[in-house]
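Undergrad: Here you go, sequence then predicted model.
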Amino acid sequence: MLGVTRLPPWFEQAFSTFEPAFSDSRNADSLKHLVSTLIHGETQWTVSGLSQGISRPDGNAKSRRAYDYFFSGADWSTTDLVQYHAEYVFDQLQVGAGDDVLLHIDDTFVPKTGDATDGVARLYNPVEGETELGNKIVTSCLQVGDVYVPYRARMYLPEDLAPDFDEPFKKKTKIAVEEIVTPLQLPAGAALTVVFDSAYYGDERVATIQNQGHDVVCRLKSNKHVSPQGVVWTQRVDALASTLEYESTTITVRGKERTYDIASKIVEIEGVGSVKIVASETEDTTRHYLSTDLGRSAAEILELVEHRWNIETVHEESNAKFGFKQYQLEGKQAIERYVQLVFLAWTLVTFAERANVAFWDERGGLSVRLDHAKEAYLVETLIEINDRVAPSLPRAERREQLHELVREFSWSSFADSFVAATDTYTLLNKRHSLY
């Protein structure tokens with residue numbers, strides 16, 4: 001246990017959803033403590049910084065070992081936590097029968113300077129366009145309407161490293177299906193569409209997802225062979241697309257209008273069956289996409305493809321706001337657990353912020369919203385602290401109680417900013433009648 005933390009009531013209530021994932025209440029409390037720290041804390045965490053952040057600023061401060069134990073040794077399952085996470089998302093968005101859920105799949109590279117971390121190898125970094133030393137993390141996010149949140153992440157282990165972990169080697173594509181798509185449990189009657197790039201396409205994988213009752217929308221490589229319906233010969237999808245009639249279509253995704261020339265046709269793929277192929281042209285690029293839902297229009301399919309870029313935003317913003325790639329942990333299990341806490345922090349502040357409808361609709365992009373949500377969490381904490389101090393007490397006693405409550409409600413990195421830097425905040429606190 002990392003130390004008992006007092007939290008704002010709304011935060012405690014949200015966390016009641018996740019407590020069943022822990023058989024030991026001490027681990028549930030540790031989860032709250034760490035996620036709360038990630039929400040409040042600085043984004044550029046180091047291991048020592050985060051371990052300081054979860055330590056109480058008094059003689060009962062926990063050591064770094066408590067931090068390591070929760071991520072590496074404590075008895076709790078990321079699979080269970082992830083499912084409760086999904087249930088929380090579906091409950092907040094009131095997902096039910098007839099509703100559509102998108103599950104975006106991708107991967108991201110985490111640079112490392114040494115090879116002490118599990119899974120580190122020379123892997124392709126798409127940002128730099130070359131191989132570098134680092135981890136590869138298979139990621140996902142859930143989307144309902146225009147709202148999307150991170151869902152699950154799993155580490156990819158290169159084939160030569162898999163025996164060190166006593167587990168069979170899995171390609172990224174197999175990890176995506178077996179460890180991300182398959183475990184997801186949807187509300188009764190809800191429909192799932194899995195969206196990914198061409199790197200994750202495979203006839204067998206698409207068929208597996210279909211057999212689970214889900215649809216797939218993905219990009220196809222131009223050399224993929226397809227068959228017109230009712231014939232046995234095949235041709236490349238780019239050759240087929242060149243024979244189709246195109247029309248101009250404008251779609252709006254993430255608040256921006258995009259215009260394409262598009263064409264579509266229902267074809268056959270051996271091992272998959274009938275699919276709808278969509279070709280889109282811009283001034284200098286032609287791309288090809290697939291949908292297993294034959295009833296979707298070409299424009300709808302293209303919109304889902306454009307939504308896939310939301311997972312790139314998840315990579316960027318979860319790192320910038322919550323330290324996604326700054327784990328500095330060595331064990332595979334510990335890293336995967338840490339990432340799930342980062343994803344949970346994102347989700348909690350997102351749904352806290354959605355209550356402020358005017359801000360959500362009118363103010364800035366996602367980055368601004370996440371900043372505002374973190375700030376709102378801080379404000380709620382301060383209000384809760386202030387409400388517990390009787391205004392009739394002498395100023396010195398109020399000050400003493402405030403110091404104690406800040407420590408109870410939070411942790412060293414947060415408390416120090418208010419307690420140790422008293423001179424900085426005295427004028428502000430007077431103005432708001434905190435003292």
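TA: Happy to help now that I have it. Numbering: from 1, shown residues only.
Undergrad: Check the secondary structure at Glu316 for me.
TA: helix (DSSP: H, G, I helix; E, B strand; the rest coil).
Undergrad: what's the distance between it and Val35?
TA: Separation of Glu316 from Val35 (Cβ to Cβ, to the nearest Å) stands at 20 Å. For every residue, glycine as well, the C-beta is placed using N, CA and C.
Undergrad: of these two, who's got more company?
TA: Applying other Cβ atoms under 10 Å to Glu316 and Val35 shows that Val35 carries more neighbours, namely 26 against 15.
Undergrad: Please spell out the segments of the stretch 201-350 of the chain that come in under the pLDDT threshold.
TA: Of all residues in the stretch 201-350 of the chain, none has pLDDT under 70.
Undergrad: can you do 90?
TA: Within the stretch 201-350 of the chain, the segments meeting pLDDT under 90 span 228-234, 251-260, 281-286, 313, 316-330, 345-350.
Undergrad: go on, the stretch 51-200 of the chain?
TA: Applying pLDDT under 90 to the stretch 51-200 of the chain flags the ranges 51-74, 113-116, 126-128, 146-147, 163-167.
Undergrad: how's this structure carved up into domains?
TA: Split into domains by the TED database, the chain comes to 1-75+352-434, 78-220+268-276+287-328.
Undergrad: Quick check: end-to-end length of the last one?
TA: As for domain 78-220+268-276+287-328, its first-to-last residue distance stands at 19 Å under the measure Cα to Cα, to the nearest Å.
Undergrad: distance between it and the chain's centre?
TA: Distance of domain 78-220+268-276+287-328 from the chain centroid (Cα atoms, centre = their mean, to the nearest Å) equals 10 Å.
Undergrad: on that earlier part again, please identify the deepest-packed of the domains of the chain.
TA: For those, average neighbour numbers computed from mean count of other Cβ atoms under 10 Å are highest in domain 78-220+268-276+287-328, which has a mean of 18.
Undergrad: Do a quick rundown of the strands in the stretch 251-400 of the chain.
TA: 256-269, 273-281, 286-291 (DSSP state E, counting those that start in this stretch).
Undergrad: Run through the neighbouring helices and strands of the helix or strand harbouring Val35.
TA: Assigned by DSSP states H and E, Val35 belongs to helix 25-40. Other elements packing on helix 25-40 under the criterion 3 or more Cβ pairs under 8 Å, 6 or more residues apart in numbering; DSSP states H and E are helix 9-15, helix 47-53, helix 64-72, helix 332-354, helix 366-387, helix 412-419.
Undergrad: if I look at the residue nearest the centre of the chain, how far off is Thr381?
TA: With distances taken as Cα atoms, centre = their mean, Pro150 lies nearest the centre of the chain, 1.8 Å away. Distance, Pro150 to Thr381, using Cβ to Cβ: 23 Å.
Undergrad: and what of Arg258?
TA: Counting by Cβ to Cβ - Arg258 and Thr381 are separated by 41 Å.
Undergrad: swap in Ala188?
TA: From Ala188 over to Thr381 the distance is 37 Å, taken as Cβ to Cβ.
Undergrad: now do Arg388
TA: Counting by Cβ to Cβ, the gap from Arg388 to Thr381 is 11 Å.
Undergrad: check contacts around the closest residue to Leu344 other than its chain neighbours.
TA: Excluding the flanking residues, the one nearest Leu344 by Cβ to Cβ, 6 or more residues apart in numbering is Val35, at 5.4 Å. Applying Cβ atoms under 8 Å, 6 or more residues apart in numbering to Val35 gives the contacts Phe15, Leu341, Leu344, Ala345, Leu348.
Undergrad: Apart from its chain neighbours, what residue comes closest to the last one?
TA: Going back to what we said before, that points to Leu348. Distances taken as Cβ to Cβ, 6+ apart place Ala14 nearest to Leu348, at 5.8 Å, with adjacent residues excluded.
Undergrad: got it, and the fourth one?
TA: Spatial nearest neighbour of Ala345, chain neighbours left out: Leu38 (4.2 Å); criterion: Cβ to Cβ, 6+ apart.
Undergrad: so the one you found touches Leu341, yeah?
TA: Yes: contact criterion Cβ atoms under 8 Å: Leu38 and Leu341 qualify, at 6.3 Å.
Undergrad: Need phi/psi at the residue lying closest to Arg236 once chain neighbours are set aside.
TA: Sequence neighbours aside, Asn223 is the residue nearest to Arg236 in space, at 5.4 Å (criterion: Cβ to Cβ, 6+ apart). Asn223 adopts backbone torsions of phi -90, psi 10, taken as degrees, to the nearest 10.
Undergrad: and what of Leu103?
TA: Here is the backbone geometry of Leu103 (degrees, to the nearest 10): phi -120, psi 110.
Undergrad: what do you get for Asp24?
TA: Dihedral pair for Asp24: phi -110, psi 120, per degrees, to the nearest 10.
Undergrad: need the contact list for it.
TA: Ala74, Asp75, Trp76.
Undergrad: State the distance from it to Ser30.
TA: Relative to Ser30, and taking Cβ to Cβ, Asp24 is found at 9 Å.
Undergrad: swap in Lys276?
TA: For Lys276 relative to Ser30 (Cβ to Cβ), the value is 48 Å.
Undergrad: What of Asn386?
TA: Counting by Cβ to Cβ, the gap from Asn386 to Ser30 is 27 Å.
Undergrad: packing partners for whichever strand or helix holds Glu404?
TA: Assigned by DSSP H and E, Glu404 belongs to helix 395-409. Identification of packing neighbours for helix 395-409 by 3+ Cβ pairs under 8 Å, 6+ apart yields helix 366-387, helix 412-419.
Undergrad: If you average pLDDT over each of those helices, which is lowest?
TA: Across the helices and strands packed on helix 395-409, helix 412-419 has the smallest mean pLDDT, namely a mean of 37.
Undergrad: So Asp106 lies in a helix, does it not?
TA: No: applying three-state DSSP, one finds Asp106 to be strand, outside a helix.
Undergrad: Not including adjacent chain positions, what is the nearest residue to it?
TA: Ile311 (4.6 Å).
Undergrad: Check whether the one you found really touches Ser140, as I assumed.
TA: Yes: Ile311 is within contact range of Ser140, at 7.2 Å (criterion: Cβ under 8 Å).
Undergrad: Just the endpoints, please. Distance across stretch 71-82?
TA: From start residue to end residue, stretch 71-82 stretches across 15 Å - Cα to Cα.
Undergrad: What of stretch 120-136?
TA: 8 Å.
Undergrad: Equivalent analysis for stretch 174-183, please.
TA: With Cα to Cα as the measure, stretch 174-183 spans 13 Å from end to end.
Undergrad: now swap in stretch 196-207 and tell me
TA: Terminal residues of stretch 196-207 are spaced 14 Å apart (Cα to Cα).
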